[in-house]
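J.: Build me a structure from this.
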Amino acid sequence: LQGPGRELQIDQKEYVAPLYGQLTRLSSQDNTEYTKKVLKCLNFAFFRRREYGSERVASFIKQLCTVSLHAPSHTSGAMLAFARMLLHRYPTSHRLLENESDVVASGMYSPEVHDPDHANPFATSAWELATLSFHIHPELSA
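T.: All right, here's what the predicted structure looks like:
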C-alpha cells in the first residue's frame, strides 16, 4: 500500500493481554529460549508501535520488575534491561520510580488481572528495584 491507509491503526490488545499473562511464567522457566521468545514478542509489541498508553506500559514495567525478583539471574538481567528500555522510550512511566510515600493514586495495584490496562500500576512504585540492589548476583545488584 502507498499513501494514506498504508498502516492499519488497530489496538493490539488481543496480542498484548496474553503476553502480559505470560510474564509470570518467566520466573518458573529456566529456559533461555523461552525468555528470548518472550523478549522478542515484547520488543515487537512496544518498540514497533508508539501509541501505547502509560497505564499499559507501566503495567508491563511493574510486572517485569516483580518477576525479575523470582527469576533466574540471566532471565532477571534481561527483563530489567528491557524494563529500562521501556522507561527510556515511554517517559510517562517514570512515575513508577517515585518514592512509595509520594505515590498519589486511587485504588490498588492488581498484578493478577488479565488486562494490563486494568492493573493500576501507578498505585504503587517499582520498589522491586530497591530490593534487587541486595541481589547475590553482582550484575543485578549494581
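
J.: Can you name every helix or strand that the helix or strand hosting K40 contacts?
T.: Here K40 sits within helix 32-47, counting by DSSP states H and E. Where contact means 3 or more C-beta pairs under 8 Å, 6 or more residues apart in numbering; DSSP states H and E, helix 32-47 is packed against helix 13-22, helix 54-68, helix 73-89. Where C-beta positions appear, they are placed from N, C-alpha and C, glycine not excepted.

J.: model confidence over that helix, on average?
T.: For helix 32-47, mean pLDDT rounds to 88.

J.: what does stretch 85-99 contact?
T.: 46-47, 52, 54, 57-58, 60-62, 64, 103, 121-122, 125-126, 129 (C-beta atoms under 8 Å, 6 or more residues apart in numbering).

J.: from the chain's centre, how far out does stretch 36-49 sit?
T.: Its chain's C-alpha centre and that of stretch 36-49 lie 11 Å apart, by C-alpha atoms, centre = their mean, to the nearest Å.

J.: returning to what we had before: out of the contacts of stretch 85-99, which two sit at the greatest distance?
T.: Greatest spacing in those, by C-beta to C-beta: F47 and V103 (27.1 Å).

J.: quick one on the thing from earlier: nearest to D30, out of the helices and strands packed on helix 32-47?
T.: Across those, closest to D30 is helix 73-89 (C-beta to C-beta), at 7.8 Å.
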